[in-house]
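Colleague: The sequence and its predicted three-dimensional model are supplied below.
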Amino acid sequence: MSKNWNKIWRWIHLGLGIMLVIYHSRIAYVEYGWMDSAWSSEVDVFVSTTFVFLVMWTGLAKWPIYPWYKKRQNRKKREKKEALAE
């Protein structure tokens, strides 16, 4: 399995997204009374300013790569077929 930027961004995004789910699930557990305390204010500030920003931008960064790559690959295949046909 070859590595490209689309796959790298996908795994970074999934990893950060899973951490964000864990963060919100602990808050939900406190609301339901299953845990005694949620995160500290420092963690809340980090998540609201930095972490959400990283999750958002890694999500945006991973999507446009594949259509452009696929379009370029298809163009190369068409050009190769045309060259062989001539």
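Modeller: Now that the structure is in, tell me what you want to look at.
Colleague: When you work out contacts or count neighbours from here on, use the C-alpha atoms and nothing else.
Modeller: OK.
Colleague: Start and end of stretch 22-42, how far apart?
Modeller: The straight-line separation of the ends of stretch 22-42 (CA to CA, to the nearest Å) is 16 Å.
Colleague: Next, the buried residues of it.
Modeller: Y23, R26, I27, A38 (16 or more other CA atoms under 10 Å).
Colleague: Out of those residues, flag the one nearest to K7.
Modeller: Y23 (24.3 Å; CA to CA).
Colleague: secondary structure element for that closest one?
Modeller: Using DSSP states H and E, Y23 falls within helix 5-32.
Colleague: what's the distance between the helix or strand just after that helix and the middle of its chain?
Modeller: For helix 5-32, the following helix or strand on the C-terminal side (DSSP H and E) is helix 41-46. Relative to its chain's centre, helix 41-46 lies at 22 Å (CA atoms, centre = their mean, to the nearest Å).
Colleague: And the residue nearest the centre of the chain, how far from K3?
Modeller: Residue closest to the mean C-alpha point of the chain, counted by CA atoms, centre = their mean, is H13 at 2.3 Å. The gap separating H13 from K3 is 15 Å, by CA to CA.
Colleague: ok, now L54?
Modeller: Taking CA to CA, one finds L54 at 21 Å from K3.
Colleague: What score does W63 have for pLDDT?
Modeller: At W63, the pLDDT value in this model is 68.
Colleague: So which of the buried residues of stretch 22-42 is the closest to T49?
Modeller: Using CA to CA, these come closest to T49 at Y23, 14.0 Å.
Colleague: what sits against that closest one?
Modeller: Y23 is in contact with no residue at all, counting by CA atoms under 8 Å, 6 or more residues apart in numbering.
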